[in-house]
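Chemist: Here is my input; please provide its structure:
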Amino acid sequence: MKTISIAHVINGLATGGAEMMLYKLLNRTDRTRYASSVVCLQPGGELRGKIEALGVPVADIGMTTKRPSWSSLRRLRTIMRERRPGIVQGWMYHGNLAALLAATFAPGRTALAWNIRQSLYSLSDEKRTTAAVIKLGSYLSRFPAGIIYNSNNGASQHEVIGYRPNTRVVIPNGFDTDLFVPSDQARSSVRVELGLPGDAKLIGLIGRYHAVKDHRCFLEAASLLKGRVSNVHFILAGRGVDDQNRELRDDLGKMNIAECVRMLGERRDIPRLTAALDIATSSSRNEGFANVIGEAMSCGVPCVVTDVGDSARIVGDTGSAVPPHDPRALADAWTGLISMDEEKRRALGQKARQRICEHYSLDTVVRQYEALYERLATGAKA
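Modeler: Residues are numbered from 1 along each chain as shown. Here you go, the predicted model:
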C-alpha cells in the first residue's frame, strides 16, 4: 500500500495546546502508512527536538514577524517541492493560511486541510491583526477539502462568520491515559514539596498567563472559598504564572490569599501536579477544547469548568460547569465538591477517567485523523 505523505504547517513549536496535540498525533500515527513532516513559520520552540526525535523532519521558513518575506515564501516553495506531500494540513489561523500557499506550491495533486483550535465568541475579542486573519480565512475556506475543529461549539461559531460548513470535521483532543493516571504518590509528594499538610484540599488551574484564562476570576473565587472552607489551598502553574508576575502578586495581596496560593510557573511534571489535585478548574472566558480538563479527568480528578467551548460537554456529569467570569458560581461549585464525602468524590473522579478512556483517548482520536487522511488521499471531501 502506498505511503501517504502529510506536511503539517504550524506557526511554531512552543509548548501549547495545538502544538502538543500535533506532537501526540505524530507520536501515535501509523508511520508505515503515513509519512509526516512539519513546516514551521518561525524557528525554534521547545517541541522541535521532541518531534525530530520521533524521526519526523522539521523545517522552518525563517519568519521573524507575522508577515512573510519573499525569502520565507521562497523557502516554503522549496520545501514543498522537495517533500511533494499528498496532503497539507494547517494548524491554527496563520498556519492555515500558510498551508493554503504551501498546497499551491506542492507539485502534483495535493489535498488541503485546515485545523481550527479555538472557539470564537466575537472578532472584537481578538487582536486586530488576528481578527483580520480569521476573517480572511472565512473568505478562503472554500479551498480546504476538510476543516477540522476540536469542538462542536467552535465549528458553529466559525460557520456563523462565513467558514464553509460542508467540509466540517470535529475531532476532539486526545489524551494519553497511560501518562495521566490517578496517583496517591503524586498527591503525597506534591503536598510535601509545597509544605502543605497531607490532608490539605488542593484546587488547581494549569494554564499560561493570558486574559482569556481569567486567572483573576479564579483568585476571586479562591478568596470566597477560603472564607467558607478551612485547609484549602490553590496552585497555579503555567508560563508567566510565577512570583515575577506583578499583576498576580498584587491580586493575591489585595485579596489576602497569598498564604494559600502557590504560583509554580511553567512545569515539566504536569501529570504529577494534575494527579495531586482534589479539583481541577478551567476558568477561561473562551476555550475550544481545554486539554487540562481532559488530562485532569484522566487522572481521576473531578473538574469545575466555565461553560465555554466544549468544556461542559467534555465534563458531562462527572463535574460542574458554571458561567464564565462568575467567581461566586465558581466558588459555589467548588464548595459542592469539597463538601462531598471523600469516597464519593473519588468515585466521581473514577467516572471522569472512564469517560476520557471511552470517548477521548489518544488512540481513538488518532484513528479519526487517519480516517480523514484516507478520505482526503482519494480526492474526496472530508
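Chemist: Which neighbouring elements make contact with the longest helix seen in the chain?
Modeler: Secondary structure assigned by DSSP state H gives helix 342-359 as the longest helix of the chain. Counting by 3 or more C-beta pairs under 8 Å, 6 or more residues apart in numbering; DSSP states H and E, the packing neighbours recorded for helix 342-359 are helix 291-298. In short, each C-beta sits where N, CA and C put it, glycine included.
Chemist: Mind listing residues that contact the helix it packs on?
Modeler: Under the criterion C-beta atoms under 8 Å, 6 or more residues apart in numbering, residues 17, 20-21, 173, 175-177, 180-181, 205-207, 270-271, 274, 277, 280, 282, 303, 305, 311, 314-315, 318-319, 349, 352-353, 355-357, 360 lie in contact with helix 291-298.
Chemist: Would you mind checking those for buried ones?
Modeler: The neighbour-count test (16 or more other C-beta atoms under 10 Å) marks 17, 21, 173, 175-177, 180, 205-207, 270-271, 274, 277, 280, 282, 303, 305, 311, 314-315, 318-319, 349, 352-353, 355-356, 360 as buried among those.
Chemist: these two touch, right, Thr364 and Gly174?
Modeler: Yes: Thr364 is in contact with Gly174 according to C-beta atoms under 8 Å; the separation is 6.6 Å.
Chemist: more crowded one of the two?
Modeler: A direct count of neighbours by other C-beta atoms under 10 Å for Thr364 and Gly174 places Gly174 higher, at 25 against 16.
Chemist: so Ser37 sits right up against Gly55, yeah?
Modeler: No: contact criterion C-beta under 8 Å: Ser37 and Gly55 do not qualify, at 10.4 Å.
Chemist: who's more crowded, these two?
Modeler: Ser37 (19 against 9).
Chemist: can you list the residues that contact the helix or strand harbouring that one?
Modeler: Here Ser37 sits within strand 34-40, counting by DSSP states H and E. Contact partners of strand 34-40, identified using C-beta under 8 Å, 6+ apart, comprise 3-13, 22, 26, 29, 48, 51, 56-61, 76, 79, 83, 85, 98, 102, 370, 373.
Chemist: Next: stretch 357-367.
Modeler: Outside stretch 357-367, the residues that touch it by C-beta under 8 Å, 6+ apart are 24-25, 28-29, 171-177, 294, 298, 314.
Chemist: what residues are up against the closest residue to Arg313 other than its chain neighbours?
Modeler: In space, Arg313 comes closest to Asn152 once its chain neighbours are excluded; the distance is 7.2 Å by C-beta to C-beta, 6 or more residues apart in numbering. Asn152 sits next to 170, 310, 313 when contact means C-beta under 8 Å, 6+ apart.
Chemist: ok, how many other residues are close to the second one?
Modeler: In this case it means Asp310. For Asp310, using other C-beta under 10 Å, the count is 25.
Chemist: isn't it right up against Ser151?
Modeler: Yes: look at Asp310 against Ser151 with C-beta under 8 Å: they come within range, at 3.7 Å.
Chemist: Need the residues touching each of these two.
Modeler: By C-beta under 8 Å, 6+ apart, Asp310 and Ser151 have these common neighbours: 172, 288-289.
Chemist: And the helix or strand containing Ser138, what's buried?
Modeler: According to DSSP H and E, Ser138 maps onto helix 128-140. Of the residues in helix 128-140, 131, 133-134, 137, 140 count as buried by neighbour count, 16+ other C-beta under 10 Å.
Chemist: Please apply the same query to stretch 103-114.
Modeler: Quick answer for stretch 103-114 (16+ other C-beta under 10 Å): 103, 105-106, 110-114.
Chemist: Give me the residues contacting it.
Modeler: Contacts of stretch 103-114 (C-beta under 8 Å, 6+ apart): 7, 76-77, 80-81, 83-90, 96, 99-100, 137, 141, 143-148, 372, 376-377, 379, 382.
Chemist: for this protein, what spans make up the strands?
Modeler: Remark: strands assigned in the chain by DSSP state E are 4-10, 34-40, 58-60, 87-91, 111-116, 146-149, 168-170, 201-206, 232-237, 261-263, 279-282, 303-306, 320-322.
Chemist: okay, the angle between the first one and strand 87-91?
Modeler: Think strand 4-10. Orientation note: strand 4-10 sits at an angle of 20 degrees relative to strand 87-91 (axes from the mean of the first three to the mean of the last three C-alpha atoms, to 10 degrees).
Chemist: What helices and strands are in contact with strand 4-10?
Modeler: helix 17-28, strand 34-40, helix 70-83, strand 87-91, helix 92-105, helix 362-377.
Chemist: Show the average pLDDT along the first one.
Modeler: Averaged across helix 17-28, the pLDDT comes to 92.
Chemist: starting at the chain centroid, how far to that helix?
Modeler: On the basis of C-alpha atoms, centre = their mean, to the nearest Å, helix 17-28 sits 10 Å off its chain's mean C-alpha point.
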